[in-house]
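Undergrad: Just to be clear, the model below is a prediction. Sequence and coordinates:
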Amino acid sequence: MSAQPIQEILSQLQRVKKIAPDKWTALCPAHDDRRPSLSIREADDGKILLHCWAGCGAADIVNALGLTLADLFPRTNRYNVGEARSVHRVWAHREALQGIAHEAIIVRLFIARLVGCAPLDHDDLVRLALADERIGEALRVAEEGR
């Protein structure tokens, strides 16, 4: 990773567009993105904040780039072990909650269809099972991050 992590990350993304000072959008590398759903922001302290509006977690995004979550933080902050554990815990909890919130929306949509007497097809049931799996995984991540 270069001295300027934001430049390294932006150089690996596609359809990058600067939307404000220290803010960009791009195609998310963690899923088959057709319209830019990834928001990127460089915080005042040099941390890079990533948010995929389609629901991909930051770990999935950096993984797709061949990086780690540590690469989102300035080098000067990386070696304080106590701080790193605290930051990891906050990220794990935030990602777990974001994942649960996204999957809860999916579940609510299916419930609304069922209440309206619309049957669920095989693909719907597969997606519902995936929501259940992702919620369970998010809960496990949150448990590990305590």
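TA: Arrived safely, thanks for sending. Given the structure is predicted, the values throughout are model-derived calculations rather than measurements. Numbering: from 1, shown residues only.
Undergrad: quick one: secondary structure of the residue lying farthest from the centre of the chain?
TA: In terms of distance from the mean C-alpha position of the chain, Cys117 ranks first, at 33.5 Å (Cα atoms, centre = their mean). Recorded secondary structure, Cys117: coil (DSSP: H, G, I helix; E, B strand; the rest coil).
Undergrad: Strands of the protein, start to end?
TA: 17-20, 23-26, 38-42, 48-52 (DSSP state E).
Undergrad: Chain neighbours aside, what residue packs nearest to the residue nearest the centre of the chain?
TA: The geometric centre of the chain, computed from its C-alpha atoms, lies nearest to Gly57 (Cα atoms, centre = their mean), at 2.1 Å. If the residues on either side of it in the chain are set aside, Gly57 comes closest to Glu95, at 4.5 Å by Cβ to Cβ, 6 or more residues apart in numbering. All C-beta atoms are positioned from the backbone trio N, CA, C, and that covers glycine.
Undergrad: helices and strands of the chain: which one bottoms out on pLDDT?
TA: helix 81-115 (a mean of 70; mean pLDDT, DSSP states H and E).
Undergrad: domain assignment for the protein?
TA: 1-79, 80-146 (automatic domain parsing).
Undergrad: and among those domains, the most buried is which?
TA: Most buried of the domains of the chain by mean neighbour count (mean count of other Cβ atoms under 10 Å) is domain 1-79; its value is a mean of 16.
Undergrad: what ranges of this structure fall below the confidence cut-off?
TA: 1-3, 75-93, 141-146 (pLDDT under 70).
Undergrad: which residues touch Leu10?
TA: Contact analysis of Leu10 by Cβ atoms under 8 Å, 6 or more residues apart in numbering lists Val16, Trp24, Ala26, Ile40.
Undergrad: so the second one touches Ile40, yeah?
TA: To tie it back to what came earlier, the one meant is Trp24. Yes: look at Trp24 against Ile40 with Cβ atoms under 8 Å: they come within range, at 4.4 Å.
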